[in-house]
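Colleague: Turn this into a model:
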Amino acid sequence: MKKITTTLFSSLLCVIHTAAQAQSFVLRKSTDLFDVTVEVQCQQSSCHGPATITLYEKGTQKVIQQFESDDLALHLNKSSASSMTDLPLPAEQNALIFKDFDFDGREDIAIKNGNTGAYGGPIYDIYVFNDQWGKFVYNEALSMLTNAELGMFELDHHQKRIIAFSQSGCCYHVRTEYSIRPGQELLLVRELIEDTNSSKNNKVKVTHRVLVDGQWKQSVKYYPLLKYYQ
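Modeller: Residues are numbered from 1 along each chain as shown. Now for the predicted structure:
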């Protein structure tokens, strides 16, 4: 009996090892400043779970900084699954995003950490580069924004605004704009609400709120539903 149990246990370990294995990927095109490695558990063409992300000085083995994600997901095509190096990340995955999120002229990094956001959307841990400390520092305000809204926000570099989207069901959509205050705090400066829940005569109610000199100004207009969404 002991021999059978041992055999079954060994077989189970073999199945587990075959089902999911730790893989290491090299990313050289995600950012011009660093080479990046990602270590994560993979099964065939799907990788997910705890991951370690390491930044290296471009073209060297000098480690700049290392990050952890509790749940980073990647989906691989056949070529990348076989080569396991120079992994091209499809834009729609956005597991790692290198952009200037706080408009200070320095590249920052967003690391996917699960799909527990609104409507099962992705959430991100966002790290902004701190000149004083010489490293990337976790930004709670930006990270929490991805938890509350519909996934990753957009950036308006011209106005230096962060643009986020949310919704309630099919018929209530909100676009919010934020500026970044000293200390990396977010300040809501504009809100656009499209509401067809109480639509009369097939019209959409559009509420526009904007912060002007510390005071909110609001306007409400109604538009024909079919023309508005053309």
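Colleague: Quick check: pLDDT value at the most centrally placed residue in the chain.
Modeller: Among the residues of the chain, the smallest C-alpha distance to the mean C-alpha position (CA atoms, centre = their mean) belongs to residue 124, namely 4.1 Å. Per-residue confidence at residue 124 stands at 94 (pLDDT).
Colleague: which stretches of the chain have low pLDDT?
Modeller: Residues of the chain that meet the criterion pLDDT under 70 lie in 1-20, 77-93, 184, 198-200.
Colleague: And the helices in it, which stretches?
Modeller: Remark: helices assigned in the chain by DSSP state H are 2-19, 78-83, 140-148, 225-228.
Colleague: Let me see the contact set for the residue nearest to the centre of the chain.
Modeller: Counting by CB atoms under 8 Å, 6 or more residues apart in numbering, residue 124 makes contact with 97, 110, 111, 112, 113, 143, 146, 152. Where C-beta positions appear, they are placed from N, C-alpha and C, glycine not excepted.
Colleague: switch the cut-off to 10 Å
Modeller: By CB atoms under 10 Å, 6 or more residues apart in numbering, the contact list for residue 124 reads 69, 94-97, 101, 109-114, 117, 142-143, 145-147, 151-153.
Colleague: do the same with residue 183
Modeller: Taking CB under 10 Å, 6+ apart as the contact definition, residue 183 lies against residue 141.
Colleague: distance of it from residue 69?
Modeller: Taking CB to CB, to the nearest Å as the measure, residue 183 and residue 69 are separated by 25 Å.
Colleague: Next, count neighbours for the spatially closest residue to residue 106 that is not a sequence neighbour.
Modeller: Using CB to CB, 6 or more residues apart in numbering and skipping the chain neighbours, the partner closest in space to residue 106 is residue 129 (4.2 Å). Other residues near residue 129 number 20, with proximity taken as other CB atoms under 10 Å.
Colleague: From residue 138, how far out is residue 129?
Modeller: Residue 129 sits 12 Å away from residue 138, going by CB to CB.
Colleague: Could you do residue 160 as well?
Modeller: For residue 160, the distance to residue 138 (CB to CB) stands at 21 Å.
Colleague: can you check residue 43 too?
Modeller: Using CB to CB, one gets 29 Å for the distance from residue 43 to residue 138.
Colleague: Ok, residue 151 next?
Modeller: Noted for residue 151: a distance of 19 Å to residue 138, by CB to CB.
Colleague: For the two, indicate the residue with more neighbours.
Modeller: Looking at residue 151 and residue 138 with other CB under 10 Å, you find the greater number of neighbours at residue 151, namely 19 against 12.
Colleague: Hmm, residue 97 and that one touching each other?
Modeller: No - under the contact definition of CB atoms under 10 Å, residue 151 does not touch residue 97, with a separation of 11.0 Å.
Colleague: what do the two both touch?
Modeller: When contacts are counted by CB under 10 Å, 6+ apart, residue 151 and residue 97 are jointly contacted by 112, 124.
Colleague: before we move on, the earlier item: where strands are concerned, which of the contacts of residue 124 count?
Modeller: When strands are assigned by DSSP state E, the members of these inside them are 69, 96, 97, 109, 110, 111, 112.
Colleague: Format these as a markdown table; extra columns: distance to residue 36.
Modeller: As requested, the ones in strands among the contacts of residue 124 are arranged in a markdown table below (distance: CB to CB, whole Å):
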| residue | distance to residue 36 |
| --- | --- |
| 69 | 13 |
| 96 | 7 |
| 97 | 12 |
| 109 | 9 |
| 110 | 13 |
| 111 | 11 |
| 112 | 13 |
